[in-house]
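K.L.:
Prediction below, plus the sequence it came from.
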Number of protein chains: 2
Amino acid sequence: MATELTVLEPVSTSCCSPVTGGVLSDAEATSLAARFKAMGDPSRLRLLSLIAATETGEACVCDLNESLDLSQGTVSHHLGILVKAGLLTRTKRGQWSFYALVPGAMATLARALDA
Amino acid sequence: MATELTVLEPVSTSCCSPVTGGVLSDAEATSLAARFKAMGDPSRLRLLSLIAATETGEACVCDLNESLDLSQGTVSHHLGILVKAGLLTRTKRGQWSFYALVPGAMATLARALDA
DNA sequence: TCGAGGCATCGACAATCGTCAATGTACGCG
DNA sequence: CGCGTACATTGACGATTGTCGATGCCTCGA
């Protein structure tokens, strides 16, 4: 299995060469695959959609935890993966951690599929 | 880990509810995640880009095998996963198996990210 | 009919993943 | 200070994954 990047740069830069626009280099493929792998789990996709569906555009772990029927630790783990993949941001405010979508991150990924 | 679908329906129908367009149901999330998981590996992304970059839009295993520095069995394995995910088609012609992109499959996936 | 090429499948292996319960850490309120 | 809340981290587990070498199945040409 490929070695995993500990932290991914923002999704916006040179990361997302289109899959159908010429042969991907090893580095390009690895970077893109890391982000798709982060979205390759039902729980994480539901987390993304739950956050996107909020009024304020952000949500804390306690809210997400109730909606997902997963243990609190597991939800926190998944959110951490999505942050590392550059899809979510984490903002600590008082006692809570608020997670929000990185603006344009998924759109940039989408463009890597369209070409 | 979630149970895996043995075969996915075509990408075009009701599969790809947008991630940012309301909370995903369990089934929607599972179906979408299965396709993203198929793209969550560098070798498979390179296979997709190699096929997309061909003149004819298709390629046989022997060609892909040389370009990827993987064993023949491994390449065949990855191609099978991409077929099951509804991203590639397989056409046997004589002695060779030709793999081609499913038209619109990746574009539909892209639309699930844009919303 | 035989041999060789092209591909799929099998068995095995280490590595990674998703999940949980338990514990650790930081903050806010008495 | 001490307690409770919100969250992160740890350790452990079964399951899945990516990879290989070996083997089996077709198809073609001699």
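P.N.:
On my side now, so go ahead.

K.L.:
only C-alpha atoms for contact and neighbour calcs from this point on.
P.N.:
Fine.

K.L.:
Chain B contacts on chain A?
P.N.:
A:2, A:19-26, A:29-43, A:45-46, A:48-50, A:52-53, A:106-107, A:109-111, A:113-114 (Cα under 8 Å from any Cα of the partner chain).

K.L.:
Take those and keep only those in helices.
P.N.:
Secondary structure from DSSP state H places A:26, A:29-38, A:42-43, A:45-46, A:48-50, A:52, A:106-107, A:109-111, A:113-114 of these in helices.

K.L.:
Of those, keep whichever come out buried.
P.N.:
Buried members of those, counted by 16 or more other Cα atoms under 10 Å in any protein chain shown: A:29-38, A:42-43, A:45-46, A:48-50, A:52, A:106-107, A:109-111, A:113-114.

K.L.:
out of these, who's near DNA strand C?
P.N.:
A:38, A:43 (Cα under 7 Å from any atom of the strand).

K.L.:
where does A:T89 land in three-state SS?
P.N.:
Following DSSP: H, G, I helix; E, B strand; the rest coil, A:T89 is assigned to strand.

K.L.:
Now do the phi/psi pair for A:G94.
P.N.:
Taking degrees, to the nearest 10, you get phi 60, psi -120 for the backbone angles of A:G94.

K.L.:
what about it, distance to A:C60?
P.N.:
Note on A:G94: its distance to A:C60, by Cα to Cα, to the nearest Å, is 11 Å.

K.L.:
In terms of packing, which of the two has more residues around it?
P.N.:
Shown here are A:G94 and A:C60; by other Cα atoms under 10 Å in any protein chain shown, A:C60 has more neighbours (19 against 6).

K.L.:
Got phi/psi on A:L79?
P.N.:
Torsion angles at A:L79 (phi, psi; degrees, to the nearest 10) stand at phi -60, psi -40.

K.L.:
And stretch A:49-68, how far out from the chain middle?
P.N.:
Relative to its chain's centre, stretch A:49-68 lies at 14 Å (Cα atoms, centre = their mean, to the nearest Å).

K.L.:
how about it, does it reach DNA strand D?
P.N.:
Yes - using Cα under 7 Å from any atom of the strand, we find that stretch A:49-68 touches DNA strand D at A:60-63.

K.L.:
Which one (most neighbours) among the residues you listed?
P.N.:
A:C60 (19 neighbours).

K.L.:
That residue and A:W96 touch, don't they?
P.N.:
Yes - counting by Cα atoms under 8 Å, A:W96 is a contact partner of A:C60 at 6.3 Å.

K.L.:
dump the residue contacts of A:P18.
P.N.:
Residues in contact with A:P18, defined by Cα atoms under 8 Å, 6 or more residues apart in numbering or on different chains, are A:111-115.

K.L.:
What's the separation between it and DNA strand C?
P.N.:
Distance, A:P18 to DNA strand C, by Cα to the nearest atom of the strand, to the nearest Å: 22 Å.

K.L.:
got the contact list for the closest residue to that residue other than its chain neighbours?
P.N.:
Closest residue to A:P18 apart from its sequence neighbours, by Cα to Cα, 6 or more residues apart in numbering or on different chains: A:A112 at 3.9 Å. Going by Cα under 8 Å, 6+ apart, A:A112 touches A:16-20.
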